[in-house]
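Quick one: sequence and predicted model below, then my questions.
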Amino acid sequence: LREHEEFTKVKNIATIELGKYEIETWYFSPFPPEYNECTKLFFCEFCLNFMKRKEQLQRHMKKCDLKHPPGDEIYRDKTLSMFEVDGKKNKIYGQNLCYLAKLFLDHKTLYYDVDLFLFYVLCECDDRGCHMVGYFSKEKQSEESYNLACILTLPPYQRKGYGKFLIAFSYELSKKEAKVGTPERPLSDLGLLSYRGYWTRVLLDILKKHKGNISIKELSDMTAIKAEDILTTLQSLELIQYRKGQHVICADPKVLDRHLKAAGRGCIDVDVSKLIWTPYK
Ligand code: ACO
Ligand code: ZN
């Protein structure tokens with residue numbers, strides 16, 4: 001019941017200020033009760049503390065000494081950085097990030113128990129600091145082989161390939177763990193579009209290069225994409241036939257080329273040689 005009440009609550013925060021952007025919000029987010037009367041919130045773009053008034057933020061910016069998310073920079077490629085933030089070590093940051101993210105995520109329950117999560121925060125860096133453009137969260141331990149819980153690209157940065165970069169990154173971490181992964185369900189419409197786009201691109205590229213037969217298991221081992229997700233993607237591309245009780249991949253070159261032409265833009269590549277990371281223990 002509580003959950004239902006939360007979902008049906010009306011959106012109170014209509015806009016937020018974050019870094020150089022003023023952003024319109026999409027959904028309700030359960031900020032603490034003292035913010036009930038606010039329609040606008042001012043976020044410190046580095047520690048993600050939020051305030052009711054602009055002057056408070058200005059005062060905060062003078063003394064806040066963060067210039068990037070707390071935690072370890074685990075990836076750097078020119079001006080793009082990824083930081084890993086442990087929710088247990090940076091509880092307030094983790095909670096702030098969840099409040100912020102919920103403004104753009106509809107059907108996700110907020111995890112107050114940020115201890116159990118790692119946050120991977122993508123930043124564009126310049127001489128003023130590392131500015132968050134998006135993130136994904138990941139459970140430290142997942143029984144269901146989830147490699148991503150929530151994903152968000154902040155609206156001013158959407159449709160630039162960052163979403164697919166974050167998705168690609170989540171699979172690179174799974175590869176390093178020698179595990180297959182899948183995103184937590186349900187997916188939003190935009191989440192599903194982004195995943196479909198990513199899975200399609202990755203699988204088509206492999207099928208295009210590969211000579212001879214290949215199984216779903218082999219594709220899964222190569223990509224860390226869960227077998228079910230491979231199957232549904234290939235089915236939607238009509239590259240699967242069911243013969244004698246088995247799913248068989250039929251990668252007709254002409255069909256592949258047609259799909260490759262139709263597939264969206266490639267994403268910003270994750271250069272694994274720039275990923276400095278060991279799995280969480
Ligand atoms: N209209 C149509 N298609 C879209 C749109 C849009 N507004 N936005 C993204 N897409 C599709 C496109 O197919 C696009 O690929 P293409 O440009 O090659 O055609 C693909 O999604 C990915 O685009 P990106 O630029 O890589 O992704 P973006 O940075 O915009 O981030 C994301 C995608 C994270 C889903 C973003 O839309 C977002 O933050 N939405 C709000 C939060 C959300 O719904 N998160 C997913 C919830 S599910 C979960 O968390 C497990
Ligand atoms: Zn701050």
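Done, it's in. Numbers count the residues shown, from 1 in each chain. Ligands and ions are numbered 1, 2, ... in the order given.

who touches the residue lying closest to residue 210 once chain neighbours are set aside in this structure?
Once flanking residues are discounted, residue 210 sits nearest to residue 251: 7.7 Å by C-beta to C-beta, 6 or more residues apart in numbering. In short, each C-beta sits where N, CA and C put it, glycine included. Residues near residue 251 by C-beta atoms under 8 Å, 6 or more residues apart in numbering: 207, 210, 214, 239.

Buried subset of those as a PyMOL selection?
The buried subset of those, as determined by 16 or more other C-beta atoms under 10 Å, is captured in PyMOL by this line:
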select buried, resi 207+239
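
Pick out the most distant pair among the contacts of residue 251.
Farthest apart among the contacts of residue 251 by C-beta to C-beta are 210 and 239. That separation is 12.3 Å.

before we move on, back to that, roughly how far apart are the residue nearest to residue 210 and ligand 1?
Remark: distance between residue 251 and ligand 1 (C-beta to the nearest ligand atom, to the nearest Å) = 21 Å.

Could you pick out the residues of the stretch 151-281 of the chain near ligand 1 for me?
For the stretch 151-281 of the chain, the residues in contact with ligand 1 (C-beta under 6 Å from any ligand atom) are 151-153, 158-164, 183-184, 187-188, 190-191, 193-194, 197, 264-265, 267.

Go again with 5 Å.
Neighbours of ligand 1 within the stretch 151-281 of the chain, by C-beta under 5 Å from any ligand atom: 151-153, 158-159, 161-164, 183, 187-188, 190-191, 193-194, 197, 264-265.

so whatever residue of the stretch 101-250 of the chain ends up closest to ligand 1, which of the three states?
Ligand 1 sits closest to residue 163 of the stretch 101-250 of the chain, with a gap of 2.3 Å, by C-beta to the nearest ligand atom. For residue 163, the assignment made with DSSP: H, G, I helix; E, B strand; the rest coil gives helix.

ok, it touching residue 153?
Yes. Using C-beta atoms under 8 Å, residue 163 is in contact with residue 153, at 4.9 Å.

The helix or strand containing residue 59 and ligand 2, are they touching?
Following DSSP states H and E, one finds residue 59 within helix 54-63. No. Residues of helix 54-63 contacting ligand 2 under C-beta under 5 Å from the ion: none, with a closest distance of 5.6 Å.

Tell me the buried residues in that helix?
Buried, per 16+ other C-beta under 10 Å, within helix 54-63: 57, 60.

next one: stretch 219-239
By neighbour count on 16+ other C-beta under 10 Å, the buried set for stretch 219-239 is 219-220, 223-227, 229-231, 233-234, 237, 239.

so who does the residue in the stretch 151-281 of the chain positioned nearest to ligand 2 touch?
With C-beta to the ion, the shortest gap between the stretch 151-281 of the chain and ligand 2 falls at residue 154, namely 16.6 Å. Applying C-beta under 8 Å, 6+ apart to residue 154 gives the contacts 18, 21, 23, 104, 132, 133, 134.

Look up how far ligand 2 lies from the second one.
Between residue 21 and ligand 2 the computed distance is 16 Å (C-beta to the ion, to the nearest Å).

Check the fourth one too.
Residue 104 sits at a distance of 21 Å from ligand 2 (criterion: C-beta to the ion).

just the third one next, same as before
Spatial separation of residue 23 from ligand 2 under the definition C-beta to the ion is 17 Å.

Could you list everything that residue pairs with in the sheet?
Per DSSP bridges, the residues bridged to residue 23 are residue 16.

Test my guess that it contacts residue 14.
No. Taking contacts as C-beta under 8 Å, residue 23 lies outside contact range of residue 14: 10.1 Å.

what about the residue of the stretch 51-200 of the chain found nearest ligand 2, how many residues close to it?
Closest residue of the stretch 51-200 of the chain to ligand 2, C-beta to the ion: residue 64 (3.1 Å). Residues near residue 64, counting by other C-beta atoms under 10 Å, number 14.
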